[in-house]
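A.B. asks: sequence and predicted model, in that order:
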Amino acid sequence: MRPLGARSAGQTRVLAAASTVRTAPAGAATSLASPIANACGAGLGLWHYQAVEIAAVDFEIPGVATYQLAFCDPAAGAAYRFAPGQFNMLYVPGAGEAAISISGETRAPDGSPLRLAHTIRTAGVVTGALAQMECGGSLGLRGPFGVPWPLESCRGRDVIVAAGGIGLAPLRAAIEQLAGERDAFGRLTLLYGARTPDLLLYPADLESWRRRGWDVQLIVDRATPGWAGEVGVVPSLIERLQPLCPARTSLLTCGPEVMMRFSALAALRRGLPAEHVWLSMERNMQCAIGLCGHCQWGPEFVCKDGPVFSYDRIARYLTVEAL
Amino acid sequence: MSQSSPDSASASAGPPVGFLDRDQLPKLLEALLDAGYAVVGPTIDQGAIVYGEIRSVDDLPMGWTDRQTAGEYRLQRRNDQAYFGYAVGPHSWKQYLFPPRTIVAQADRDGDQWRFESREHDDVPRFAFLGVRACELAAIAVQDRVFLDGPGADDVYRRRRQQALIIAVNCTHPASTCFCTSMQTGPRATSGFDLALTETPTGFIVEVGSEAGRELSLRLPLRTPSSAEIEAAEQARSAAEAQIEKHLNVEGIRDLLLTNLNHPRWDDVADRCLSCTNCTMVCPTCFCSSTTDVSDLFVEHVQRERTWDSCFNFDFSYMNGGPVRNTIRARYRQWLTHKLASWHDQFGVSGCVGCGRCITWCPVGIDLTEEVAAIRETSRETSEEASS
């Protein structure tokens, strides 16, 4: 029997302070730096899992559910910090790990139980195993990882969020944060598209965001009876968006790669600077810290140089097939 | 701690500390074994010189050499009894620092819950690497950057690396596939070792490269080399350099490859490449891995096992129902542009050390120096701009 490691399984990870989805005032320290360095520098190693359990499962649309995860160690939950756009590696022993964006958090004002929301589509072995699990189910969690949305650089600017399908999930925490600090930003516009009206995610949140200062415009590829809204694709909303002051507008986009590409191109044609257009890329991820090599895209490690990239940095790779 | 380890500044070779007579080589082995090292070095197995445990000098390939060309490797008898008269074989030292298979974490069922434990700090043996070539020292330095720098240092690598003692051997017999001179990684070992040996007919010139090396040298029966012996060693090293036939033009290679991602040469090499992963297995700097679960029958005790992987594997880039790189063309392009170009962006050095293994061990004899030359000849730096 091998001797167990010196650390207890529930030891907390101390992470760099980063902006979180809170009702706390906007004075909280925000950092664009990925908290990865601190997490591993805490001496806990790359493969240290936090024990979490499923506190709730919210069905969203067919094949998609939001899992609210709670840390088994309350101290770990209290210490966990993430920035919108980052992701966790969720581990189902026996099935494996999957990289899942953090779509939100719930924390009581006294700092007690943190629940991390992960909106997950069933797509493979790990997400399939997750779909079989119920409340109380036990998982492992590593994270957070990745470069988050550059919300700091959006201060004082108009922000357009362009989301396609489940791409709204990695943007949700960013939208919440901007709604919570409304006065720090200019015009806030959410352009959100799905294939059909019944596939639009988070209907209650869409209403909440409207009430809190977001101009929410919805569009579907294909209308169904009862739909009175726009029909088409998200980039067309960008092309027509008025009013627009391109020089002081930032675009954050997430969705299928082709949708992000055309959204970025539409934004550039409207005059947005390429360094203020941001995409959230996806690739096969296993280690999440740039060591296993799977997520490489040209010279970029999507897990640690991304997943959020500015368009000017990666435009040349978007047009190369099978890179 | 060995000073060839990355934690301390790597020392350059000092003046020769002495000469070890040929029949005294067993004393070096004894000193290493007495100090508790697991000695690994070149030995013959299945018709090749690989790396394995060395318990006595008889395990070394005395009197053997290798003949290597693209896609071919053969052992041949020498007409002398040299211990190190060959180039490098299919193995590299990365198998000891970055093990092909290692348990990194485990999960144990505890009622309804899982209990997680990291296994990165399991005990590891203290290795003494006997016979490390200059290109291999460079490869270890490259992997030091990969595994130790950056946001997450790999503890598995770090602990093995810190304990490893490195005894370099200066090449006297390069293979036709070697091109270390083009990559400025050899054939002379200049730093990154604890001791360096140069073999001559009567014995070994010994150079010290670190405090640990110096301490080891004090336990060896060294004598002052004669000027003839010093001369013989110098000549052997110079001759090795002169014998290098293969060259890779590395000028502007990063931009050259990254601005030619649609060059027709990729289709050409894709017709030949089998995507067999040999090159990545033998390459001393390749570091790709996968982590999978290994479970008992009842899924109550699960281990996370990290194993070597290769960008040539079909599902390496699997995402959302299929691999991103779903053609051999895409996969070969990924490997070559990573190795010779992107590596510069990621780690500040080339990923290639010019050891030539990928050329020798490619079953269809693809030679990356030729592929680069072909792209260079008809390079199209058009709308694909290089980044500044």
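C.D. replies: Sure, I can see it.
A.B. asks: what's the neighbour count on B:Asp309?
C.D. replies: 22 (other Cβ atoms under 10 Å in any protein chain shown). The way it works is simple: take the backbone N, C-alpha and C, and place the C-beta from them, glycine included.
A.B. asks: can you pull the contacts of the closest residue to it other than its chain neighbours?
C.D. replies: Here the nearest residue to B:Asp309 in space, its sequence neighbours aside, is B:Ser290; by Cβ to Cβ, 6 or more residues apart in numbering or on different chains that works out to 4.1 Å. By Cβ atoms under 8 Å, 6 or more residues apart in numbering or on different chains, the contact list for B:Ser290 reads A:286, A:292, A:294, B:306-307, B:309.
A.B. asks: what subset of these is buried?
C.D. replies: In terms of neighbour count (16 or more other Cβ atoms under 10 Å in any protein chain shown), the buried residues within these are A:286, A:292, A:294, B:306, B:309.
A.B. asks: what's the neighbour count on the closest residue to the third one other than its chain neighbours?
C.D. replies: For A:His294, the nearest residue in space outside its immediate sequence neighbours is A:Asn284; the separation is 4.4 Å by Cβ to Cβ, 6+ apart. When counting by other Cβ under 10 Å, one arrives at 21 neighbours for A:Asn284.
A.B. asks: cool, and B:Phe314?
C.D. replies: Neighbours of B:Phe314 using other Cβ under 10 Å come to 13.
A.B. asks: list the contacts of the nearest residue to it once chain neighbours are set aside.
C.D. replies: Spatial nearest neighbour of B:Phe314, chain neighbours left out: B:Pro323 (6.0 Å); criterion: Cβ to Cβ, 6+ apart. By Cβ under 8 Å, 6+ apart, the contact list for B:Pro323 reads B:314-317.
A.B. asks: against B:Ala107, how distant is B:Val299?
C.D. replies: 9 Å (Cβ to Cβ, to the nearest Å).
A.B. asks: quick check: neighbours shared by these two?
C.D. replies: A:Pro93.
A.B. asks: the two: who's more crowded?
C.D. replies: More crowded of B:Val299 and B:Ala107, by other Cβ under 10 Å: B:Ala107, with 28 against 14.
A.B. asks: surely A:Arg195 is in contact with A:Thr224?
C.D. replies: No: using Cβ atoms under 8 Å, A:Arg195 is not in contact with A:Thr224; the gap is 10.2 Å.
A.B. asks: what kind of secondary structure is the residue nearest to A:His294 in?
C.D. replies: Following DSSP: H, G, I helix; E, B strand; the rest coil, A:Asn284 is assigned to coil.
A.B. asks: just the CA coordinates for stretch B:135-154, please, in CSV.
C.D. replies: The C-alpha coordinates for stretch B:135-154 follow below in CSV (Å, rounded to 0.1, in the frame of the first residue of the first chain):
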residue,chain,number,x,y,z
CYS,B,135,22.5,16.7,-28.8
GLU,B,136,20.9,14.9,-25.9
LEU,B,137,22.2,17.5,-23.4
ALA,B,138,20.5,20.1,-25.6
ALA,B,139,17.3,18.0,-25.7
ILE,B,140,17.2,17.7,-21.9
ALA,B,141,17.7,21.5,-21.8
VAL,B,142,14.8,21.9,-24.2
GLN,B,143,12.5,19.7,-22.1
ASP,B,144,13.6,21.6,-19.0
ARG,B,145,12.0,24.6,-20.6
VAL,B,146,8.9,22.7,-21.5
PHE,B,147,8.3,21.0,-18.2
LEU,B,148,9.8,23.4,-15.7
ASP,B,149,9.1,26.9,-17.0
GLY,B,150,5.6,28.3,-17.4
PRO,B,151,2.5,28.3,-15.3
GLY,B,152,2.6,24.7,-14.3
ALA,B,153,5.9,23.0,-13.6
ASP,B,154,5.6,19.2,-13.9
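A.B. asks: wait, does it contact chain A?
C.D. replies: Yes: counting by Cβ under 8 Å from any Cβ of the partner chain, chain A has neighbours in stretch B:135-154: B:146-147, B:150-154.
A.B. asks: do stretch B:350-366 as well
C.D. replies: No: applying Cβ under 8 Å from any Cβ, one finds stretch B:350-366 separated from chain A by no less than 11.2 Å.
A.B. asks: now that stretch: mean pLDDT?
C.D. replies: For stretch B:350-366, mean pLDDT is 98.
A.B. asks: does the spatially most central residue of chain A lie in a helix or a strand, and which?
C.D. replies: In chain A, the C-alpha nearest the mean C-alpha coordinate belongs to A:Pro170, at 2.2 Å (Cα atoms, centre = their mean). Assigned by DSSP states H and E, A:Pro170 falls within helix A:169-180.
A.B. asks: and for A:Ala65?
C.D. replies: Going by DSSP H and E, A:Ala65 is in strand A:64-71.
A.B. asks: shaky segments in the stretch 251-388 of chain B?
C.D. replies: Residue ranges of the stretch 251-388 of chain B with pLDDT under 70: B:380-388.
A.B. asks: what residues does it put near chain A?
C.D. replies: Residues of the stretch 251-388 of chain B lying near chain A (Cβ under 8 Å from any Cβ): B:258, B:261-262, B:287-293, B:295, B:299, B:302, B:304, B:309, B:311, B:316-321, B:324-327, B:329-330, B:334, B:337-338, B:341-342, B:345-346, B:384-385, B:387.
A.B. asks: just the ones of those in helices?
C.D. replies: Of those, the ones assigned to helices by DSSP state H are B:258, B:329-330, B:334, B:337, B:345-346.
A.B. asks: the residues you listed, buried ones only, as a PyMOL selection?
C.D. replies: Only the buried entries of those go into this PyMOL selection, using 16+ other Cβ under 10 Å:
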select buried, chain B and resi 258+329+330+334+337+346
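A.B. asks: who in the stretch 51-200 of chain B is up against chain A?
C.D. replies: B:104-105, B:107, B:112-122, B:146-147, B:150-155.
A.B. asks: if we go to 7 Å?
C.D. replies: B:104-105, B:107, B:112-118, B:120-122, B:147, B:150-155 (Cβ under 7 Å from any Cβ of the partner chain).
A.B. asks: which among those end up buried?
C.D. replies: B:104-105, B:107, B:113-118, B:120, B:147, B:150-155.
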